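Visitor: Build the 3D model from these lines:
(chains A and B)
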Amino acid sequence: NAGVMQNPRHLVRRRGQEARLRCSPVKGHSHVYWYRQLPEEGLKFMVYLQKENIIDESGMPKERFSAEFPKEGPSILRIQQVVRGDSAAYFCASSPMDGAYYGYTFGSGTRLTVV
Amino acid sequence: DAKTTQPNSMESNEEEPVHLPCNHSTISGTDYIHWYRQLPSQGPEYVIHGLTSNVNNRMASLAIAEDRKSSTLILHRATLRDAAVYYCILRDSTNAGKSTFGDGTTLTVKP
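Guide: I've put the predicted structure just below:
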């Protein structure tokens, strides 16, 4: 049973380019969460999605960031016109349902470096 | 979100038990207590969760205070592989959605 798959593991982008981070949840999980972790800091919630719906994007920066979780395929976190401050580890988690009874399964993350 | 408070760091000797505390004085009746850990350069890993009763699994035990305002994660015999940052978070069963991770406790295990 594969866990949460994130790719790429490492991504280097020049300032102004776009970054696309992919997350395939655990098979059968329809709830996806994205978290960002800046160097030496804790995890910060970004967005919570279900298939084809954004449920909570209260942690997403207002500009340049977007997320989707289409009916088919992985969830995508897209960062346009990246800046140095976007350098961080981005983690995706999934759960079978939305409910506190279910724990998150996290992926290994994508480490974005903006040069 | 209800907030949790954990010590910044703790040390343990290998093969000894470790008790990692977490305070959550503003916990509501619908909040579950979850614990995760993050090894260096890895994603967080689920450890254990509970609501009111103490819980045991193959990784750890969770002791929840009677008033639920605090909890303790117990690693019965620490190994070097248990060195990680341990996060205690609350998840509302009526509106789980996002969870707020604090800074966690960095556990160092000495051989």
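Visitor: Could you pull up the residues touching the residue of chain B most remote from its centre?
Guide: Relative to the centre of chain B, and counting by Cα atoms, centre = their mean, the farthest-placed residue is B:P111 at 22.5 Å. By Cβ atoms under 8 Å, 6 or more residues apart in numbering or on different chains, the contact set of B:P111 is B:E14, B:L80. (Glycine included, C-beta is placed from N, CA and C.)
Visitor: Let's see that with 6 Å instead.
Guide: B:E14 (Cβ atoms under 6 Å, 6 or more residues apart in numbering or on different chains).
Visitor: Name the residues of chain A found near chain B, please.
Guide: Selection of chain A residues close to chain B by Cβ under 6 Å from any Cβ of the partner chain yields A:42-43, A:45, A:48, A:56, A:91, A:98-100, A:103, A:106-109.
Visitor: List just the nearest of these to A:S30.
Guide: In terms of Cβ to Cβ, no member of the residues of chain A next to chain B lies closer to A:S30 than A:D98, at 8.9 Å.
Visitor: The closest one touches A:H31, doesn't it?
Guide: Yes. Assessed by Cβ atoms under 6 Å, A:D98 is found in contact with A:H31 at 5.1 Å.
Visitor: So if I had to pick from those two, which one is more boxed in?
Guide: A count of neighbours by other Cβ atoms under 10 Å in any protein chain shown puts A:H31 above the other of A:D98 and A:H31, at 22 against 18.
Visitor: Which of the helices or strands spans the residue nearest the centre of chain A?
Guide: For chain A, the residue nearest the mean C-alpha position is A:W34 (3.6 Å; Cα atoms, centre = their mean). Using DSSP states H and E, A:W34 sits in strand A:31-37.
Visitor: Give me the average confidence score over that strand.
Guide: Mean pLDDT, strand A:31-37: 95.
Visitor: Would you give the sheet partners of that strand, along with the direction of each?
Guide: Note on strand A:31-37: by DSSP bridges, its sheet partners are strand A:43-50 (antiparallel), strand A:88-95 (antiparallel).
Visitor: Please identify the deepest-packed of those strands.
Guide: When the strands paired with strand A:31-37 are scored by mean count of other Cβ atoms under 10 Å in any protein chain shown, the highest mean neighbour count falls to strand A:88-95 (a mean of 24).
Visitor: so what strands line up beside the following helix or strand past that strand?
Guide: Downstream of strand A:88-95, the first helix or strand assigned by DSSP H and E is strand A:105-106. Using DSSP bridges, strand A:105-106 pairs in its sheet with strand A:88-95 (antiparallel).
Visitor: residues making contact with the partner strand?
Guide: Residues outside strand A:88-95 that contact it (Cβ under 6 Å, 6+ apart): A:4, A:6, A:21, A:23, A:25-26, A:29, A:31-38, A:102, A:104-107, A:109-111, B:43.
Visitor: Beta-bridge partners for the closest residue to B:Q6 other than its chain neighbours, please?
Guide: Using Cβ to Cβ, 6 or more residues apart in numbering or on different chains and skipping residues adjacent in sequence, the residue nearest B:Q6 is B:T105, 4.6 Å away. Judged by DSSP bridges, the bridge partners of B:T105 are B:Y86.
Visitor: B:T105: neighbouring residues, count only.
Guide: When counting by other Cβ under 10 Å, one arrives at 21 neighbours for B:T105.
Visitor: try B:Q42
Guide: Neighbour number of B:Q42 under other Cβ under 10 Å is 15.
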